[in-house]
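Peer 1: Got a predicted structure plus its sequence, pasted below:
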Amino acid sequence: MKILLAEDDVRLGELTSHMIKRKAGCTVDWVTTGRDAYDYATASSYDVVVLDWMMPEGNGRDICAKLRKLGYAGAILMLTAKDALRDRVAGFDAGADDYLVKPFEIEELLARLRALTRRTFVPLQEDVIRIGDLELHRNNQIVRNGGEEMKLSPREFQILDLLVQNKGLTLAREVILDKVWGLDAEVNLKTIDATVKLIRKKLGASSSQELIRSVRGVGYRIEA
């Protein structure tokens, strides 16, 4: 499972993120503000979004309602100390699929996450993305350049996919590191440069070097 955890209590956020990773083997993106929760949820695909009710830059209920208004179809679990009936009703009315009151046992949280993934259908993102002669078949991780299939490693595909999904935006090396390897990985930024170099080489110099542009001192971008 891939989980987005939005919790502004640093101690609780660190502990919850660690326990979800260790006990369930999930990938966890942890953010501490409502704004970051909204940005992450709309920029990537998650099995479950866990929203704390009280956060700076947008509370969990408002972020939940905003995501639903946008058409977000993924599972959302509200995490809060508010246990009054009217608060639970407000959370569900905002679009939450489940509601867990603090303090909670990690085993109950994991059980609720499993239950949400069993009953929630998240539509697949667009299977094929095309930019010029380049085709990314996202669901089966196939890349074609000028009609010719290219063999990329899983990490290479993830980086290329990330750049393509954010075409027109410059992605810092630190963002690529976080999204592809995770900030806890023992990987330095030079590894990203070397991997991008391999991607360019595999795709062919004629188009890929123009497609993936280096932004000096920052990272990489693909022009829209």
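Peer 2: Received it, and whenever you're ready, just let me know what you need.
Peer 1: can you pull the contacts of the spatially most central residue of the chain?
Peer 2: Closest to where the C-alpha atoms of the chain average out (CA atoms, centre = their mean) is Ser44, at 3.7 Å. With contact set as CB atoms under 8 Å, 6 or more residues apart in numbering, Ser44 has these partners: Lys2, Leu4, Asp29, Lys179. Glycine gets a C-beta too; all of them are placed from N, C-alpha and C.
Peer 1: Just among these, which is most surrounded?
Peer 2: Using other CB atoms under 10 Å as the neighbour criterion, Leu4 leads those with 23 neighbours.
Peer 1: Need the phi and psi values for the residue lying closest to Thr33 once chain neighbours are set aside.
Peer 2: Nearest residue to Thr33, sequence neighbours excluded (CB to CB, 6 or more residues apart in numbering): Glu57, at 4.1 Å. Backbone torsions of Glu57, given as degrees, to the nearest 10, read phi 60, psi 40.
Peer 1: Quick check, Glu57 in contact with Arg35.
Peer 2: Yes. With contact defined as CB atoms under 8 Å, Glu57 and Arg35 form a contacting pair (4.1 Å).
Peer 1: Tell me which stretches of this structure form strands.
Peer 2: For the chain, the strands defined by DSSP state E cover 2-6, 27-31, 48-52, 75-80, 98-101, 128-131, 134-137, 142-145, 148-150, 171-172, 212-215, 219-222.
Peer 1: most tightly surrounded among those strands?
Peer 2: Ranked by mean neighbour count, those are led by strand 48-52 with a mean of 27 (mean count of other CB atoms under 10 Å).
Peer 1: and the angle for that strand with strand 2-6?
Peer 2: 10 degrees (axes from the mean of the first three to the mean of the last three CA atoms, to 10 degrees).
Peer 1: for the strands of the chain, which one sits closest to Asp39?
Peer 2: Closest approach to Asp39 among the strands of the chain (CB to CB): strand 27-31, 8.2 Å.
Peer 1: Identify all contacting residues around that closest one.
Peer 2: With CB under 8 Å, 6+ apart, strand 27-31 has contacts from 1-7, 13-14, 17, 20-21, 37, 40, 44, 46, 182.
Peer 1: Which of those residues fall in helices?
Peer 2: In this view, the contacts of strand 27-31 that belong to helices under DSSP state H are Gly13, Glu14, Ser17, Ile20, Lys21, Ala37, Tyr40.
Peer 1: picking up where we left off before, distance check, the residue nearest to the centre of the chain against Val218.
Peer 2: Per CB to CB, to the nearest Å, Ser44 is found 21 Å from Val218.
Peer 1: now Ile20
Peer 2: Using CB to CB, Ile20 is found at 31 Å from Val218.
Peer 1: pLDDT score for Thr191?
Peer 2: pLDDT, Thr191: 91.
Peer 1: what's the answer for Glu126, then?
Peer 2: 52.
Peer 1: from the ones in helices among the contacts of strand 27-31, which would you call buried?
Peer 2: Among the ones in helices among the contacts of strand 27-31, those buried by neighbour count (16 or more other CB atoms under 10 Å) are Gly13, Ser17, Ile20, Lys21, Ala37, Tyr40.
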